[in-house]
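A.B. asks: Show me how the following folds:
(one chain, ligands or ions: 1)
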Amino acid sequence: MDTRDIALQQSAPVTLVPRYSAFEPMTGNGHRFLVTGDGLWLEARRPWMYLRTPLVRQRNVPMPYGVVTRELSLAFGKIPRRLVFEFFRYAAERCPDECVGWIVWNERTGDMRLERLEELSTGCSHVRYTRPTLDEGEHLVVDLHSHGRLSAFFSPDDDSDDRGEFKIAGVVGNCDKACCSTAFRLCANGLFLPLAFGAEDTKGGDDGYTSTLS
Ligand SMILES: [Zn+2]
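C.D. replies: This is a model prediction of the structure:
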């Protein structure tokens, strides 16, 4: 086989899920495809995340494999809403222009912080920025941007920007109001999974929220 195919298939292998033996989740970082009794699933691991979610489901043609369940777990448990609130206050100062920020997680200490990014240009409907260099052991976990006076939603440009990465993306909108709107999703290499985030979470406080697949 062409060495390029060998490299590609090793980077994203396919695993047949056993029907009678225990399923063993992947232990290393990366992603793979699971062929199950009900279709095709995506499994991915990063230092900060483990994900198992269906891509295609079918039961018309019997497939002699086992089944798995949905799972999303974050190493840091919850996104600290104090950091989302910190970004909201920054976005309110910058309104009506858009702005960007990263929530960064340190795998050695467990600390999380908001990194403000160097902007190349910004306006009411766009922002271009330089990706920061993180310290060893630090990971981008939430990629935040604001929508100025507009509501929070993911635009076709956001979809294009978020394709091809594993991260949580968040939008903060209505930044001219006392209480902003928000939208969050897990980006999984082109798949977008909405994450719950309550409106009350932008009012500050120390608690976070539990990320859930919806
Ligand atoms: Zn946007």
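A.B. asks: Return the distance of residue 118 relative to the ion.
C.D. replies: Residue 118 sits 19 Å away from the ion, taking CB to the ion, to the nearest Å as the criterion. Heads up, the C-betas are built off the backbone N, CA and C, glycines and all.
A.B. asks: Let me know the pLDDT of the residue in the chain positioned nearest to the ion.
C.D. replies: Per CB to the ion, residue 158 is where the chain lies closest to the ion, at 4.2 Å. On the pLDDT scale, residue 158 is placed at 90.
A.B. asks: before we move on, what about residue 164?
C.D. replies: Looking at residue 164, the pLDDT reads 86.
A.B. asks: mind listing what the spatially most central residue of the chain touches?
C.D. replies: Nearest residue to the geometric centre of the chain (CA atoms, centre = their mean): residue 168, 2.3 Å. Residue 168 makes contacts with 79, 103, 141-143, 184-187, 195, 211, as judged by CB atoms under 8 Å, 6 or more residues apart in numbering.
A.B. asks: Tell me the residues of the protein that contact the ion?
C.D. replies: Within reach of the ion by CB under 5 Å from the ion, the chain has these residues: 155, 158.
A.B. asks: which stretches of the chain have low pLDDT?
C.D. replies: 123-125, 198-214 (pLDDT under 70).
A.B. asks: So the protein: which segments form each domain?
C.D. replies: The chain breaks down into these domains under automatic domain parsing: 3-74, 78-210.
A.B. asks: Neighbour count and secondary structure for the contacts of residue 168 - can I get that in a markdown table?
C.D. replies: Below are the contacts of residue 168 laid out as a markdown table (neighbours: other CB atoms under 10 Å; DSSP: H, G, I helix; E, B strand; the rest coil):
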| residue | neighbour count | secondary structure |
| --- | --- | --- |
| 79 | 24 | strand |
| 103 | 24 | strand |
| 141 | 21 | strand |
| 142 | 23 | strand |
| 143 | 20 | strand |
| 184 | 23 | strand |
| 185 | 21 | strand |
| 186 | 22 | strand |
| 187 | 21 | strand |
| 195 | 22 | strand |
| 211 | 20 | coil |
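A.B. asks: just to revisit the earlier point, which of the domains of the chain is buried the deepest?
C.D. replies: Stretch with highest mean neighbour count among these: domain 78-210 (a mean of 17; mean count of other CB atoms under 10 Å).
A.B. asks: so what's the residue of the chain closest to the ion up against?
C.D. replies: Contacts of residue 158 by CB under 8 Å, 6+ apart are 145, 169, 171.
A.B. asks: which SS state does it fall under?
C.D. replies: helix (DSSP: H, G, I helix; E, B strand; the rest coil).
A.B. asks: Same check on residue 64?
C.D. replies: coil.
A.B. asks: nearest residue to it other than its sequence neighbours?
C.D. replies: Using CB to CB, 6 or more residues apart in numbering and skipping the chain neighbours, the partner closest in space to residue 64 is residue 19 (6.4 Å).
A.B. asks: pretty sure the one you found is in contact with residue 66, am I right?
C.D. replies: Yes: counting by CB atoms under 8 Å, residue 19 touches residue 66, with 4.2 Å between them.
A.B. asks: So residue 85 belongs to a helix, correct?
C.D. replies: Yes: judged by three-state DSSP, residue 85 forms part of a helix.
A.B. asks: I'd like to know how far it sits from residue 122.
C.D. replies: For residue 85, the distance to residue 122 equals 21 Å [CB to CB, to the nearest Å].
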